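**Q** Next input, structure requested:
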Amino acid sequence: MSFLAAASTTSPETAQQAIGYPTLFVLVLIGALVPVVPTGALVSSAAVVAFHQTAPFAMLLVFGVAALAAFLGDVALYWLGRRGMHSKNGSRWLEALRSRAPEERLAQAQEKLGDHGIAVLVLSRLVPAGRIPVMLACLLAKMPLRTFARGDVPACLAWAATYQLIGVLGGSLFSEPWEGVLAAVVLTVVIGLLPSLWKRVRRAAPQ
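**A** Alright, predicted model coming up:
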């Protein structure tokens, strides 16, 4: 009886993990390739769920899965961008990168890349909407894929840790997982909107 009771307690959590980790990996990977999926909110939400689980290494698995998926997505997108740079007709991936990198942001990314080298990749992943302009600046600078990948490793690790910390914060504030997920999503959205709000405030301020 005690075995059945333990099984009934752990089996839903085990099933949740079996579905959750592959889903997180696929969604973060897609979000890295197609920058419209809110991957930060996904990682924060997964961290909230892991925070409320009793399974060992749940938090570590969320961190590892998110970081690996982000890295593979970044490298794949950069490789596709490099193919577009060498193609006569370019590629839809390269055009997608260009369309999401305003001239002002691209110029700033190129300047920072010249000043700090691949270290700027870490900051680009932590700043909302900063990843694509820096990636395009790396492409225009003809940075080798291996060099980009070497700089992207700490960037993805820092990104996964940051958004997991946001999820842990949301999970620790509420007893119910869904409340923590909601708080983490709202906090992630607010963080993502801060740069654009700051720009509007600066433009509206009298010179």
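
**Q** what's the neighbour count on E104?
**A** Using other CB atoms under 10 Å, E104 is surrounded by 10 other residues. C-beta coordinates here come from the backbone N, C-alpha and C atoms, glycine included.

**Q** Just the pLDDT for it.
**A** Here the pLDDT value assigned to E104 is 82.

**Q** Same question for D74.
**A** For D74, the pLDDT comes out at 95.

**Q** same check, this time on A6
**A** Note for A6: predicted pLDDT of 39.

**Q** same check, this time on Q207
**A** Looking at Q207, its pLDDT is 53.

**Q** Over to G31?
**A** Looking at G31, its pLDDT stands at 91.

**Q** Same check on the one 4 residues further on?
**A** pLDDT for P35: 74.

**Q** How about P133?
**A** Predicted confidence (pLDDT) for P133: 91.

**Q** how would you label it: helix, strand or coil?
**A** Using DSSP: H, G, I helix; E, B strand; the rest coil, the structure places P133 in helix.

**Q** List the residues that contact it.
**A** By CB atoms under 8 Å, 6 or more residues apart in numbering, the residues touching P133 are A101, P102, R105, L106, Q108, A109, S124.

**Q** Just to check, I132 is in contact with L94?
**A** No. Assessed by CB atoms under 8 Å, I132 is found out of contact with L94, at 11.4 Å.

**Q** could I have the helix or strand where V48 lies exported to CSV, CA atoms only?
**A** Secondary-structure assignment from DSSP states H and E places V48 in helix 39-51. Extracted in CSV, the C-alpha atoms of helix 39-51 (Å, rounded to 0.1, in the frame of the first residue of the first chain):
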residue,chain,number,x,y,z
THR,A,39,11.8,32.2,-24.6
GLY,A,40,12.7,34.1,-21.4
ALA,A,41,9.1,33.7,-20.2
LEU,A,42,9.2,30.0,-21.0
VAL,A,43,12.4,29.5,-19.0
SER,A,44,11.0,31.5,-16.0
SER,A,45,7.7,29.5,-16.1
ALA,A,46,9.6,26.2,-16.2
ALA,A,47,11.8,27.3,-13.3
VAL,A,48,8.6,28.0,-11.3
VAL,A,49,7.3,24.5,-11.9
ALA,A,50,10.7,23.0,-11.1
PHE,A,51,10.9,25.1,-7.9
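
**Q** Fine, thanks again, bye for now.
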